[in-house]
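Q: Got a sequence here, can you model it:
(2 chains, ligands or ions: 2)
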Amino acid sequence: MSFINYSSREIILKIVYYGPGLCGKTTNIKFIYAGTNPDARGKLISLETKQERTLFFDFLPLSLPAIRGFKTRLHLYSVPGQLFYSASRKLIMKGADGVIFVADSQRERMEANVISFEDLQENLAAYGYDINTIPFVIQYNKRDLPNAVPVEELRARLNPDGQFPDFESIAAAPNGPGVFDTLKAVVKMILMELKKGGN
Amino acid sequence: MYNAQMVIYEAEYQRLTEICEKLLRDSMARAVFLVDKVGQLITSVGQTANIDTTSLASLVAGATAATGGLANLLGEEEFPSHYHQGARDSIYIALIGEQLILTIIFDNRSTEGLVRLRVKRAEGDLKRVFSDLSQKASAAAETKNNSLFSEITDEDIEELFSDTF
Ligand SMILES: Nc1nc2c(ncn2[C@@H]2O[C@H](COP(=O)(O)OP(=O)(O)OP(=O)(O)O)[C@@H](O)[C@H]2O)c(=O)[nH]1
Ligand SMILES: [Mg+2]
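A: Ligands and ions are numbered 1, 2, ... in the order given. A predicted model of the protein is given here:
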């Protein structure tokens, strides 16, 4: 649910990072925080356990330059990926304008990706959204690891018809290849959707 | 339907802010915030200079969502308010209608009882503004008054990112 404030002349877009436990959602958000001009970012909030597993959500507000006189603000959230946090994941999806699904490329995480993907569809359906209408992109993360499966294999499971834009990434690398591309792609889709005036 | 938008216009912003200012005075609070359930700040009044209002809005919405989840678990529709008491400052959070969360921060010059009472009074006024706003927004949606986005180009979108990252 985009938020347009004519008084402060700003648009706020909510983007959620989804995916199985340890796939790298928080790492994406931390990389974006580190790579953003300090004037353009707010405080990064991570509600996490002592072991640095997300307990409720990460939150990062970013401000982009104005479009047609309106400041564009992005509110990035990540969900907790561990299976038993299902109730929290559902709460965080409320009002999402776009979703980034972060898949873990490691062979042993393939089933976890598929389960999380199904869980996402259920949680979107609870709000009357679905991945074919909400701006949605997929990121294949951890491409650096030796046990990463070929991208074609991930695609065959998560994006068989190729209808979703998808990106390879290494969120934990110093230059985080793929991280900003993924974010830009979803922002672009959201703005295009708003342009269509699609209700 | 995913794209249900929340739109705030200048006139309603002023009215909402005035209601919050009155509530601030009447309840002898330090600060009042009006937040939507998605975690976006609508307006804030009082001593807000030392508070990161964006963080506050997202955490209040998160706490309220978690509290609502607990209510559902017990078979309650919702818990209409929740309250956290600190050594110096306390925070009172109340749901207003379907979409809004009113957050009041107060110290020992006030009490939970007083805040609760004044919130009850402000509630009707806030709801009225919001129902006006919904009518305005749906009228605007019907006339396809989305000129804000209709002229966006690919270059505009590229430029959005060029200085930021
Ligand atoms: N090798 C490698 N490790 C990564 C990559 N991205 C993230 N990691 C590591 O994976 C671990 C988990 O990353 P997080 O970002 O905390 O995972 P998460 O998805 O937020 O996990 P939950 O909060 O439990 O849902 C960390 O040790 C990261 O450093 C990557 O691209 N390559
Ligand atoms: Mg995490």
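Q: Touching whatever helix or strand A:V99 lives in from outside, list them.
A: According to DSSP states H and E, A:V99 maps onto strand A:98-104. In this structure, residues lying in contact with strand A:98-104 by Cβ atoms under 8 Å, 6 or more residues apart in numbering or on different chains are A:13-20, A:22-25, A:28, A:93, A:109, A:112-113, A:116-117, A:120, A:124, A:131, A:134-142, A:154, A:158, A:171, A:182-183, A:186-187, A:189-190. In this view, the C-beta of every residue, glycine as well, is placed from N, C-alpha and C.
Q: Report the buried residues of the helix or strand containing A:S63.
A: In this assignment (DSSP H and E), A:S63 forms part of strand A:54-67. By 16 or more other Cβ atoms under 10 Å in any protein chain shown, the buried positions in strand A:54-67 come out as A:54, A:56-64, A:67.
Q: give the contact list for B:K127.
A: Here B:K127 is in contact with B:96-97 (Cβ under 8 Å, 6+ apart).
Q: Could you look up the SS state of the closest residue to B:R15 other than its chain neighbours?
A: Nearest residue to B:R15, sequence neighbours excluded (Cβ to Cβ, 6 or more residues apart in numbering or on different chains): B:V129, at 4.8 Å. Three-state call for B:V129 (DSSP: H, G, I helix; E, B strand; the rest coil): helix.
Q: how far away is B:V129 from B:H84?
A: In this view, B:V129 and B:H84 are 27 Å apart by Cβ to Cβ, to the nearest Å.
Q: between those two, who's got more neighbours?
A: Between B:V129 and B:H84, B:V129 has the larger neighbour count (other Cβ atoms under 10 Å in any protein chain shown), namely 19 against 10.
Q: OK, contacts around that one?
A: B:12, B:15-16, B:19.
Q: In helices, which of those appear?
A: If you go by DSSP state H, those have B:12, B:15-16, B:19 in helices.
Q: wait, which of these is closest to ligand 2?
A: Using Cβ to the ion, B:L16 comes nearest to ligand 2 of the ones in helices among the contacts of B:V129, at 34.7 Å.
Q: What is the burial count for the closest one?
A: 22.
Q: shouldn't it be in contact with B:V45?
A: No: counting by Cβ atoms under 8 Å, B:V45 is not a contact partner of B:L16; they are 9.9 Å apart.
Q: Between the two ends of stretch B:16-35, how far is it?
A: With Cα to Cα, to the nearest Å applied, stretch B:16-35 spans 11 Å between its terminal residues.
Q: Other residues contacting that stretch?
A: With contacts defined as Cβ under 8 Å, 6+ apart, stretch B:16-35 is touched by B:8, B:41-48, B:51, B:53, B:56-57, B:60-61, B:89, B:100-107, B:109-110, B:114-115, B:117-119, B:121-122, B:125-126, B:129.
Q: What's opposite the nearest residue to A:F136 once chain neighbours are set aside in the beta bridge?
A: The shortest distance from A:F136 to any residue other than its chain neighbours is 5.1 Å, reached at A:V99 (Cβ to Cβ, 6+ apart). Judged by DSSP bridges, the bridge partners of A:V99 are A:V16, A:F136.
Q: Burial check on the spatially closest residue to B:E151 that is not a sequence neighbour, number of neighbours?
A: The shortest distance from B:E151 to any non-neighbouring residue, by Cβ to Cβ, 6+ apart, is to A:R68 (6.8 Å). A:R68 has 14 neighbouring residues, counting by other Cβ under 10 Å.
Q: For ligand 1, what's its nearest residue on chain A.
A: Taking Cβ to the nearest ligand atom as the measure, the point where chain A comes nearest ligand 1 is A:G81, at 2.7 Å.
Q: ugh, wrong one, chain B
A: Counting by Cβ to the nearest ligand atom, chain B gets nearest ligand 1 through B:G62, at 15.1 Å.
Q: before we move on, the earlier item: keeping just the C-alphas, turn the strand holding A:S63 into CSV.
A: The C-alpha coordinates for strand A:54-67 follow below in CSV (Å, rounded to 0.1, in the frame of the first residue of the first chain):
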residue,chain,number,x,y,z
THR,A,54,16.1,-12.0,12.8
LEU,A,55,13.4,-12.3,15.5
PHE,A,56,10.8,-9.9,14.1
PHE,A,57,12.1,-7.7,11.4
ASP,A,58,14.9,-5.5,10.1
PHE,A,59,13.8,-2.0,9.0
LEU,A,60,15.8,0.5,6.9
PRO,A,61,14.3,3.8,5.7
LEU,A,62,15.9,5.4,2.6
SER,A,63,15.1,8.7,0.9
LEU,A,64,15.6,8.9,-2.8
PRO,A,65,15.5,12.2,-4.8
ALA,A,66,12.2,13.8,-5.7
ILE,A,67,10.1,12.6,-8.7
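Q: Return the list of helices and strands in contact with it.
A: Packing contacts for strand A:54-67, counted by 3 or more Cβ pairs under 8 Å, 6 or more residues apart in numbering or on different chains; DSSP states H and E, involve helix A:25-35, strand A:45-48, strand A:70-78, helix A:86-92, helix B:53-73, helix B:154-162.
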